[in-house]
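A.B. asks: Below are the sequence and a predicted model for it; my questions follow.
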Number of protein chains: 2
Amino acid sequence: MAAGGVSILITGSEVLDGRVSDTNSHHLVRELASRGFEIRHVLSCGDFLETLKDAIGALVQRSDAVVISGGIGPTADDNTRRAVAAFLGRELEVDAGALAHLEEFYRSRRRVLDDVNKRQSYVPRGAAIIPNPMGTAPGFYCELPEGKMILSIPGVPAEMKKMFEATVLPLLLERFTPAPRYRHLVRMFGLPEAGVGGRIERAGIDDSVEIAYRAAFPEVHLQLSAGDSAVVAAAAAKVREAIAAEYIVAENDVRPFEEILQEMILARGLTISAAESCTGGMVSALLTNTAGSSACFIGSSVTYCNEAKTRLLGVKPETRAAHGAVSIETAREMAEGARRAFGTDIAISVTGIAGPTGGSTEKPVGTFVAGYADKSGSEAHRFFLGSTRERVRGWAARTALDVVRRKLLGIPIGGR
Amino acid sequence: MAAGGVSILITGSEVLDGRVSDTNSHHLVRELASRGFEIRHVLSCGDFLETLKDAIGALVQRSDAVVISGGIGPTADDNTRRAVAAFLGRELEVDAGALAHLEEFYRSRRRVLDDVNKRQSYVPRGAAIIPNPMGTAPGFYCELPEGKMILSIPGVPAEMKKMFEATVLPLLLERFTPAPRYRHLVRMFGLPEAGVGGRIERAGIDDSVEIAYRAAFPEVHLQLSAGDSAVVAAAAAKVREAIAAEYIVAENDVRPFEEILQEMILARGLTISAAESCTGGMVSALLTNTAGSSACFIGSSVTYCNEAKTRLLGVKPETRAAHGAVSIETAREMAEGARRAFGTDIAISVTGIAGPTGGSTEKPVGTFVAGYADKSGSEAHRFFLGSTRERVRGWAARTALDVVRRKLLGIPIGGR
């Protein structure tokens, strides 16, 4: 067993009766795995004393360290401290520091510390405290023979994350010094995942690089990782060669795309407006998601019926009659109309058929057109995504934003 | 050990290196727990042969049935069938039916079934097939001594769900006949979770009823469950007494709220439009989320700057000057303006301060006003949520929809 094998134990009946979806384990796994720890087992079990004791034993046997999340609050079903003590064959004892922290916590809130709550200051004999800066229940950790460890932290996500980062992770890193992993994230929009996969397979990336895909709809994320930073950098360069640069929307940047785009718009001192049909407000909602958006976003018209397209945006009835509401011509007039109505530097538009009904042979469900207008004129491009109403709308809204990105960077707009 | 104790094993390195968040286990837990099965353990482990064999043994020892999801595809790391066979001490054998299914699958797609893919027709001797109507890899199940079972299904969520419902669940129900649980879901909007909790504690609900809260922002969900349907019905009646009916937006209905609201609007033959400021399109996006929304939603104006409020919605500059953009008066004029511009029966508006900047002592960040207009006039109400920009926006958009619900049902609007 290589050193650095960690298992995670999630306790709590609310996970096992389906009320709550456990998100703590994924957080812990991601944080640990990205530091080079090998995750052996992730186990959820009910918070019964015998069940917990049994589970702790099974995991300790198979791991170097066991991180337990949950079951250290004051109520009767908080059995983690008793289970760890029983597994180790040690008594529970008051920790003086933890008790002082509890007393101070209650005094500052003018509440009385009763015996039930005092339980939170008990730890197995010989354990050390993991401080809880946010709540009452401290965590604790115990040293075991052969250098193994058991670490216990709360199940409340905010407390768990804070205590993991401040104490658990440093303890584990110091004890096990896992080999470092270097990572590089490439975010793409506009290519299907299968298409990305084929291109990457032929890119000749070094075998020592782990390549992980994640469908982060509407983007595809590709994470490269290896033990050598130069190897990762070389792999990233090969990815850039294999994937046309126009599809790469960000690297090593996890901010929402609309935030990245807003930064680009603000840096150029531009204002923007929108005209939406099938996306029904989603483009505008994205453009206003980020604090400070009022410095560039002026407004939008959501015109779901034809009369509104004419009245608010000045789309000519004859344009619609000749080409239809979902057409290059209508999308251009919508963008031009929004730019005029809101007096902005640039304007974008989307019109399409989100489904599930309303499609035709020529314009099936999933067809949409994105338009763009600025001081030099307007243009529009046709796109298609054969999917659900929800996905078509999300893809169309994001495509409108990508049109802005491409225009600002001088990248041609690939539509069909 | 009571009969009906089920454990779930999730295999796959992509879960344990943090690339993928396991959602399969929560689905299986919820489906099984709601039928009265007791979930013993949920374990994720890597797909190494020895690890899997060890995990299967540990779970079989502690459960009546073990459901394994993942690891039965054609690739080298798909080790589940080999691990089950090794644990049982049985050979892997071709299942003739599974092979025929595979051959047909490949023939119909004009592809050649090679030896690698043929592996998917192997099962431990004596196992029965769990058909896969969507893909190539069939599942299988094995009978063990003492009436125990191991059931293996794919990790691909769509296939997993389908096969669980069609075959695994019927098999488990037939074998273990767990005691039925009756459930009642109450969905609330407009009350904080803590407020709901206090009222429910004083409602005198029977001790045999399990009460589970779930924060389903912006709603609070309360699930009552017990083994006796009359007891659950009585508890639901007490919840209705304890929580003012105006806050209960749905019972035993899991559809998105906007879909429920759209049904109410359509049933009354009404059309609707919106005027949005701080929500920036989110109200409109909600009103167009559901298929068929074009039958009642006509359009909306997102007016993020003051000039747009005047130009598109006819908000008087003197109204804004006297009362501010976030005021009862401006919200009323916005709603009236949208109703006029789009020619709808009703119109709603939202204007507010989403933050993180822009607040004042009188109107702190989180203050918003929701307006409503119909043929009899207009009204507006002030609300407040002290939270993040994201939550303020989500809460404000949902409040605007709730204003419509209350108006349609003749419920007074509680604003502050």
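C.D. replies: Everything's here; your move.
A.B. asks: and residue A:200, what does it touch?
C.D. replies: When the contact criterion is C-beta atoms under 8 Å, 6 or more residues apart in numbering or on different chains, the partners of residue A:200 are A:211, A:222, A:239, A:242, A:243. C-beta coordinates here come from the backbone N, C-alpha and C atoms, glycine included.
A.B. asks: Kindly reformat these as JSON lines containing distance to chain B.
C.D. replies: Formatted as JSON lines, the contacts of residue A:200 follow (distance: C-beta to the nearest C-beta, whole Å):
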{"residue": "A:211", "distance to chain B": "10"}
{"residue": "A:222", "distance to chain B": "11"}
{"residue": "A:239", "distance to chain B": "17"}
{"residue": "A:242", "distance to chain B": "20"}
{"residue": "A:243", "distance to chain B": "19"}
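A.B. asks: and the lowest-mean-pLDDT helix or strand in chain A, which residues are buried?
C.D. replies: Ranked by mean pLDDT, DSSP states H and E, the weakest helix or strand in chain A is strand A:210-216, scoring a mean of 77. By 16 or more other C-beta atoms under 10 Å in any protein chain shown, the buried positions in strand A:210-216 come out as A:210, A:211, A:212, A:213, A:214.
A.B. asks: Same check on stretch A:369-383?
C.D. replies: A:369, A:370, A:371, A:372, A:373, A:374, A:378, A:379, A:380, A:381, A:382, A:383.
A.B. asks: Dig out what the fifth one forms beta bridges with.
C.D. replies: By that I understand residue A:373. Beta bridges link residue A:373 to residue A:347, residue A:378 when assigned by DSSP bridges.
A.B. asks: quick revisit: would you turn the contacts of residue A:200 into a markdown table with distance to residue A:32 and secondary structure?
C.D. replies: As requested, the contacts of residue A:200 are arranged in a markdown table below (distance: C-beta to C-beta, whole Å; DSSP: H, G, I helix; E, B strand; the rest coil):
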| residue | distance to residue A:32 | secondary structure |
| --- | --- | --- |
| A:211 | 20 | strand |
| A:222 | 22 | strand |
| A:239 | 26 | helix |
| A:242 | 30 | helix |
| A:243 | 30 | coil |
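A.B. asks: Sketch out the helices for the stretch 51-200 of chain A, chain order is fine.
C.D. replies: Counting by DSSP state H, counting those that start in this stretch, the stretch 51-200 of chain A has helices at residues A:80-88, A:96-108, A:115-118, A:157-163, A:169-176, A:193-201.
A.B. asks: from those helices, which stretch is densest packed?
C.D. replies: helix A:80-88 (a mean of 22; mean count of other C-beta atoms under 10 Å in any protein chain shown).
A.B. asks: who does that one touch, helix- and strand-wise?
C.D. replies: Applying 3 or more C-beta pairs under 8 Å, 6 or more residues apart in numbering or on different chains; DSSP states H and E, we find helix A:80-88 packed against helix A:49-62, strand A:92-94, strand A:122-124, strand A:139-143, strand A:149-153.
A.B. asks: re earlier: which one of the helices of the stretch 51-200 of chain A lies closest to residue A:12?
C.D. replies: Of all these, helix A:80-88 sits nearest to residue A:12, with 9.7 Å by C-beta to C-beta.
A.B. asks: Dump the C-alpha coordinates for that closest one into PDB.
C.D. replies: Only the C-alpha atoms of helix A:80-88 are listed here, as PDB (Å, rounded to 0.1, in the frame of the first residue of the first chain):
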ATOM      1  CA  THR A  80     -18.700   9.800  15.500                       C
ATOM      2  CA  ARG A  81     -16.700  10.600  18.600                       C
ATOM      3  CA  ARG A  82     -18.000   7.600  20.500                       C
ATOM      4  CA  ALA A  83     -17.400   5.300  17.500                       C
ATOM      5  CA  VAL A  84     -13.800   6.400  17.100                       C
ATOM      6  CA  ALA A  85     -13.200   6.000  20.800                       C
ATOM      7  CA  ALA A  86     -14.800   2.500  20.700                       C
ATOM      8  CA  PHE A  87     -12.700   1.500  17.700                       C
ATOM      9  CA  LEU A  88      -9.500   2.700  19.400                       C
END
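A.B. asks: neighbouring contacts of that helix?
C.D. replies: A:11, A:47, A:49, A:52-53, A:56-57, A:60, A:68, A:70-72, A:91-92, A:122-125, A:127, A:140, A:142, A:144, A:150, A:152.
A.B. asks: Just give the nearest non-adjacent residue to residue A:133, would you?
C.D. replies: Residue nearest to residue A:133 in three dimensions, not counting chain neighbours: residue A:162, with 6.3 Å by C-beta to C-beta, 6 or more residues apart in numbering or on different chains.
A.B. asks: cool, and residue A:106?
C.D. replies: residue A:113 (4.2 Å).
A.B. asks: Check which helix or strand the residue in chain A sticking out farthest from the centre maps to.
C.D. replies: No residue in chain A sits farther from the centre than residue A:318, which is 45.2 Å out by C-alpha atoms, centre = their mean. Per DSSP states H and E: residue A:318 is located in helix A:317-323.
A.B. asks: in the stretch 201-350 of chain A, which ranges drop under the pLDDT threshold?
C.D. replies: A:215 (pLDDT under 70).
A.B. asks: what does it put close to chain B?
C.D. replies: Contacts of the stretch 201-350 of chain A with chain B, taken as C-beta under 8 Å from any C-beta of the partner chain, map to A:212, A:214, A:223, A:274, A:276, A:279-289, A:291, A:293-294, A:297-305, A:307-308, A:311-312, A:341-343.
A.B. asks: beta partners for the closest residue to residue A:192 other than its chain neighbours?
C.D. replies: Leaving aside its sequence neighbours, residue A:192 sits nearest to residue A:220 (C-beta to C-beta, 6+ apart; 7.8 Å). Using DSSP bridges, the bridge partners assigned to residue A:220 are residue A:188, residue A:215.
A.B. asks: mind listing what residue A:97 touches?
C.D. replies: Here residue A:97 is in contact with residue A:129 (C-beta under 8 Å, 6+ apart).
A.B. asks: By proximity to chain B, which residue of the stretch 51-200 of chain A wins?
C.D. replies: For the stretch 51-200 of chain A, the residue closest to chain B is residue A:58, as judged by C-beta to the nearest C-beta, at 5.9 Å.
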